[in-house]
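Peer 1: Here is a sequence with its predicted model. Questions after.
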Amino acid sequence: MDTPADLKKLIVYGREGCHLCEEMIDSLRILQKKVRFEFDVINIDEDENLVELYNERVPVLFAVKEQKELCHYFLDSTVIKAYLS
């Protein structure tokens, strides 16, 4: 069984009132029922640097350990399944 240190960690960069952000978050929650991983949601509007980076591209799914973007706008099931396997 995975220990908390072994779990993949993701960040969803998004904003309140964003339907695409909500869809990505809902899809990740469904996927969590099948695969163990953690994710946090960060509202970019609370940090002007994040707004500058991601403004019109939200939601952005980011892999914490690898420090890389996995996908944006929509959850790319091929990419996320490969990442989590």
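Peer 2: Received it, and whenever you're ready, just let me know what you need.
Peer 1: could you list every residue that touches Asn55?
Peer 2: Residues near Asn55 by CB atoms under 8 Å, 6 or more residues apart in numbering: Ile44. (Each C-beta comes from the backbone N, C-alpha and C, glycine too.)
Peer 1: any idea how far it lies from Asn49?
Peer 2: Asn55 is 11 Å from Asn49, where distance means CB to CB, to the nearest Å.
Peer 1: List of residues touching the longest helix seen in the chain?
Peer 2: Scanning the chain for the helix with the most residues, using DSSP state H, yields helix 19-32. Residues outside helix 19-32 that contact it (CB under 8 Å, 6+ apart): 10, 12, 14-15, 37, 39, 41, 58-59, 61, 73-75, 80, 84.
Peer 1: list the buried ones in it?
Peer 2: Cys21, Met24, Ile25, Leu28, Leu31 (16 or more other CB atoms under 10 Å).
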